[in-house]
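Q: Sequence first, predicted coordinates after that:
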Amino acid sequence: MAQLKWVFPLLLFVTFLSACGDQYDGDFSYQIQDFAFTNQDGEEVSKSDLEGEFWVADFIFTNCTTVCPPMTANMSSLQDQLKEAGLEDVRLVSFSVDPANDNPETLKKYAASRGGTFGNWNLLTGYDFETIKEFSVKSFKSAVEQLPDSDQVMHGTSFFIVTPEGNAIKNYDGRNAANMEKIVEDIQAMK
């Protein structure tokens with residue numbers, strides 16, 4: 001009987017420990033650093049503004065001549081697919097890696113020209129290049145580099161799912177339109 005008195009506290013402790021872990025089935029868990037940047041409407045958007053909701057993040061710039069146009073079109077398509085799936089509460093966040101050139105108005109025109117709307121999509125700027133480079137590496141483990149003698153910036157092409165607690169847990173090739181459906185399915189499975 002003396003041994004049984006330890007069973008309940010042990011079960012309670014194990015249950016408590018399991019509740020402390022990340023509740024989402026991801027491929028990794030990267031804690032997103034705090035930020036407060038300017039969106040396409042000139043309004044400040046911070047990490048705390050996104051707490052409590054899933055969000056999908058990527059890194060783009062409007063002078064990009066290669067991967068950013070299809071990535072932005074795919075983000076617009078993802079926005080439509082999320083709405084169709086009844087997931088309007090999922091937020092989309094695109095961080096500019098060329099903040100010297102990407103002002104709020106430029107970002108808004110860029111996304112709108114690819115079908116984007118702004119009820120749940122923030123395109124962020126209002127920082128310097130070193131800030132976004134460090135933020136991308138520390139928060140998303142994704143490199144950002146200014147190409148020498150060029151106006152182009154090397155950056156990752158991933159779309160990241162970020163949990164309501166602010167952890168990036170999955171990434172997808174943002175250039176591949178078929179991945180947008182997979183993102184919707186994966187978020188649906190986690191909600």
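A: That came through fine. Computed from a predicted model, the values in this text were never measured in an experiment.

Q: Can you give me the buried ones in the lengthiest helix in the chain?
A: In the chain, taking DSSP state H as the definition, the longest helix is helix 68-84. Neighbour-count burial for helix 68-84, with 16 or more other C-beta atoms under 10 Å as criterion, is recorded at 68-79, 82. C-betas here are computed from N, CA, C, even on glycine.

Q: what does stretch 36-52 give?
A: 37-40, 45, 47, 49-50.

Q: Now do residue 167 against residue 125, distance only.
A: Between residue 167 and residue 125 the computed distance is 24 Å (C-beta to C-beta, to the nearest Å).

Q: Also residue 34?
A: 17 Å.

Q: neighbour count winner among these two?
A: residue 125 (25 against 11; other C-beta atoms under 10 Å).

Q: In contact with that one, which residues are there?
A: Residues near residue 125 by C-beta atoms under 8 Å, 6 or more residues apart in numbering: 37-38, 96, 99, 102-104, 107.

Q: what pLDDT does the closest residue to residue 44 other than its chain neighbours get?
A: Among residues not flanking residue 44 along the chain, residue 36 sits closest, at 5.4 Å (C-beta to C-beta, 6 or more residues apart in numbering). On pLDDT, residue 36 comes in at 98.

Q: wait, isn't residue 36 in contact with residue 50?
A: No: Residue 36 lies out of contact with residue 50 (C-beta atoms under 8 Å); the separation is 11.3 Å.

Q: Just give the number of residues close to residue 27.
A: Residue 27, neighbours per other C-beta under 10 Å, totals 9.

Q: Kindly state the beta-bridge partners for the spatially most central residue of the chain.
A: Geometric centre of the chain, nearest residue: residue 57, 2.0 Å, by C-alpha atoms, centre = their mean. Taking DSSP bridges as the rule, residue 57 bridges to residue 93, residue 160.

Q: check contacts around it.
A: Applying C-beta under 8 Å, 6+ apart to residue 57 gives the contacts 92-95, 140, 159-160, 162, 168.

Q: same thing but 7 Å
A: 93, 95, 160, 162 (C-beta atoms under 7 Å, 6 or more residues apart in numbering).

Q: ok, now how distant is it from residue 74?
A: Counting by C-beta to C-beta - residue 57 and residue 74 are separated by 13 Å.
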